[in-house]
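Q: Quick one, fold the following:
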Amino acid sequence: MKKIMTKGILISSVVLFSIILIIIPSNVYADEVNVKSFSLEETAILQITNNSNENIDTFRIWLGGDFNFKSFKTEKGWLGEKTPQGVVVFKSSKSLISGETVKFGIKTDKTISGINWKALNSKNEQLDIGKVLLQEIPKVGTNNTIDQSTSNEIKSKSVIKIIPEKPNINSHLRIIGNDFEANMEFELYIDKSKIDNVVTNDKGNFITTIKIPEDQKPGRTNLRIVDESNKEKEISIKIGELDNRIPKTDNSKLSIQGIPKSMFIGEFLDIYGTALPNNTITVNITNSKGDIVNTSTIKTNHKGDWRIKEPFVIPTNWDLGKYNIIISDGRENAMKSWSVESNKTMSIIPSKNIFQQGEIMIFDGIVLPNMSVEVIISDPLENEIFTKYLQVDQSGIIKFEFQTNNTHNKGTYTITTTQGTEKNNIYVGLDQPPIHPIKIEFDKTRYDSNDIVNIELSGESNEIINLLVIDPSDIPINELDSIKLQQNGKATFQLDLKGYKSGIYTIQISKGNYQNMKTFAVGLQTGSGEIKINATKSKYVPGEQILLIGKTSENILLQISLADPDGNIIKEKETFSDKNGIISDSSFRIPNESIDGIWKMNVKSGSNFSILEIRVLKSIEEGMEVSIEEGGKITGVGNTLTIKISGAKQTTIIQITNSEGALVETLSLSPSDQGEIDIPWIIPKNIELGTYTITIDDAHSVIQQTFEIK
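A: Residues are numbered from 1 along each chain as shown. Next comes the predicted model:
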């Protein structure tokens, strides 16, 4: 077996092939993006394969003429957005690297012949552009070997179920279909009105959620599933009145609705009611002292209905206690009262809900005194872009800011604040109104087999979220639960763990094409034996994320902490290794305001622990550095050599030559946003033993390093 040695370089034997890319000779891939498309009438599937040497971070598609996209579907991890100009933009927090493929489904308003596309990298630089012509999926012809009992029609044993059984107008309805023809599209009707299209899976089943139209008449009607031959399956359903509609009363009488008996600081207040039609009313909110804290004027519609223009957040500077809302139309007044309370030890309020690119986001809050608060800001692609630790004085009042710029993605930003065991999320928009994403929170990380898991779900008010429990073998163990969020956008789901075996379980929640998952542990223990940990780099600057990786025994409880050079614990958390003993955590980040020096990450389980030292610098020195380390052996391929480069500024050319200067191989690689390249090189099987030189050129500087193969 050949062994690799480097001069003056520490050899590391830890290589995680699950998260890094194996280099193969550079001429295998063409310098292009390959796009294929298959269509059936107005529906098409795009298959994008990255054959270029750069990562794809954004993929845009558009149509010509008066054709339009009606809908689209993405693979997990990708987000899609349709712009006002009709362009559909797909983005992912995880780049599509060379050799990988992704698929998107689209539906247009008319049959099209082709789709224009453009692939972009993380800097929004064009990698490739073109137009793909759609290849029509051929219709199935007669074949005597095919079972003639299979058809595209609805079967007599096909079954339709609905959740809930008694839906209301303007509410969501979950529809479950079983024993239909596999991989077929059907039309969904309520009475004679088409609501949606559904597609069955390879087992002939489907699950979809629709919203019953607001103009639907209440009472008994038919829900129909219709196939392409107009054969249908129907069930009778009873639709109730519209929820939360303003009561039909004498519209000449003033009324106020939407106010509960009590509310909490930070919650949304949504007020509506009735008054004289086509009239203007004044709305005043007063505190317990009689001071007006909010005022507005509102015009009623032709029916006399009114509603405040947009719900507003109860601010942190409101005193706790009794509040009154008084409305007046000039001839009479109406009043309602409620109390403002605090069920939290932490309330954070933004200066406004929508910011423009280039503006400073400003946040004020009240938290527990004399206890630090961690602030994390995540962008619309769920990338953590800002971390700060705030020291809180005895007043408990905090304030922090985040400067936006033109490179920040438009959309919803999540601001997560953590103090002790309490965590709080708020949402603001950048150039767009914020949308509350669906979130999962557990009351703790690990449980015993006789515990009850309290799962807190959050999202948009009154929306329906689907919940699935997945066992340690990745098998669903319950039927899909549909949970309707309350008016405040929250709901609690309790899961009884009686009979659950030890292991790591996953809660998956979904709404439409969006999914979110979170894991929890049942019955795990400490005391793992040996723990090995590493990070993807050794030097960091303030604000950088730390990707911690390692290996230990499977399904073991772990405690991870990050300490600064003075020994202060900046952050700690409880986690666990997976069923293969892998440790992987990306929740730690060097604070934006931090001191230089050696920081330490400690991973422990019982009496076993491992400490990793990392260096934090205000700025990393210019210029490249390279280290060459012994890699692992790949079955059927051979031994590898790990090349690690830091400080690269752009596409980097790597040349490996022998002692006589003869070229062995040339590689062309793009560094990460931090200027790093960390990649294994497969040592050619017939290479001669001896001294070799690696030359690295990023067009700004050139460095060389020698190494030996023995």
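Q: how about the helices in the stretch 451-600 of the chain?
A: Here the stretch 451-600 of the chain has no helices by DSSP state H, counting those that start in this stretch.
Q: okay, and for it, where does confidence drop off?
A: 479-480, 487-488, 513, 528 (pLDDT under 70).
Q: For it, just list every one of the strands.
A: Ranges of strands in the stretch 451-600 of the chain, per DSSP state E, counting those that start in this stretch, are 452-458, 464-470, 481-484, 490-496, 503-511, 514-522, 532-535, 539-540, 545-551, 557-563, 569-576, 582-589, 597-605.
Q: Tell me where the stretch 151-300 of the chain has strands.
A: 159-163, 172-178, 185-190, 193-199, 206-211, 219-226, 232-239, 255-257, 262-264, 268-269, 272-274, 280-286, 292-299.
Q: contacts for the third one?
A: Think strand 185-190. 43, 154, 175, 177, 180, 194-200, 206, 208, 210, 212-213, 216, 221-228 (Cβ atoms under 8 Å, 6 or more residues apart in numbering). Where you see a C-beta, it was placed from the backbone N, CA and C, and this is true even at glycine.
Q: Reformat the strands of the stretch 451-600 of the chain as CSV; add mean neighbour count and distance to Ile397.
A: Compiled in CSV, those are given as follows (neighbours: other Cβ atoms under 10 Å; distance: least, Cβ to Cβ, whole Å):
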stretch, mean neighbour count, distance to Ile397
strand 452-458, 17, 26
strand 464-470, 19, 35
strand 481-484, 15, 36
strand 490-496, 14, 26
strand 503-511, 18, 35
strand 514-522, 17, 32
strand 532-535, 18, 36
strand 539-540, 18, 31
strand 545-551, 18, 29
strand 557-563, 19, 26
strand 569-576, 16, 22
strand 582-589, 18, 25
strand 597-605, 18, 29
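Q: Looking at these, spot the one closest to Pro380.
A: With Cβ to Cβ as the measure, strand 514-522 is the member of the strands of the stretch 451-600 of the chain nearest Pro380 (12.3 Å).
Q: And that closest one, what does it pack against?
A: strand 439-442, strand 446-447, strand 503-511 (3 or more Cβ pairs under 8 Å, 6 or more residues apart in numbering; DSSP states H and E).
Q: Ok, which of those comes nearest Phe67?
A: It is, among those and with distance given as Cβ to Cβ, strand 503-511, at 28.5 Å.
Q: that older thread, put the buried members of the contacts of strand 185-190 into a ChimeraX selection.
A: Buried members of the contacts of strand 185-190, defined by 16 or more other Cβ atoms under 10 Å, are picked up in ChimeraX with:
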select :43,154,175,177,180,195,198,200,206,208,210,212,216,221,223,224,225,226,227
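Q: Test my guess that Leu127 contacts Asn53.
A: No. Judged on Cβ atoms under 8 Å, Leu127 makes no contact with Asn53 at a distance of 9.3 Å.
Q: So for these two, which sits in the more crowded spot?
A: Leu127 (20 against 17; other Cβ atoms under 10 Å).
Q: what about stretch 358-376, start to end distance?
A: Start and end residues of stretch 358-376 are separated by 19 Å (Cα to Cα, to the nearest Å).
Q: next one: that stretch to chain centre, how far?
A: Chain-centre distance of stretch 358-376: 23 Å, with Cα atoms, centre = their mean, to the nearest Å.
Q: in it, what counts as buried?
A: Going by 16+ other Cβ under 10 Å, stretch 358-376 has these buried residues: Glu359, Met361, Phe363, Asp364, Gly365, Ile366, Val367, Ser372, Val373, Glu374, Val375, Ile376.
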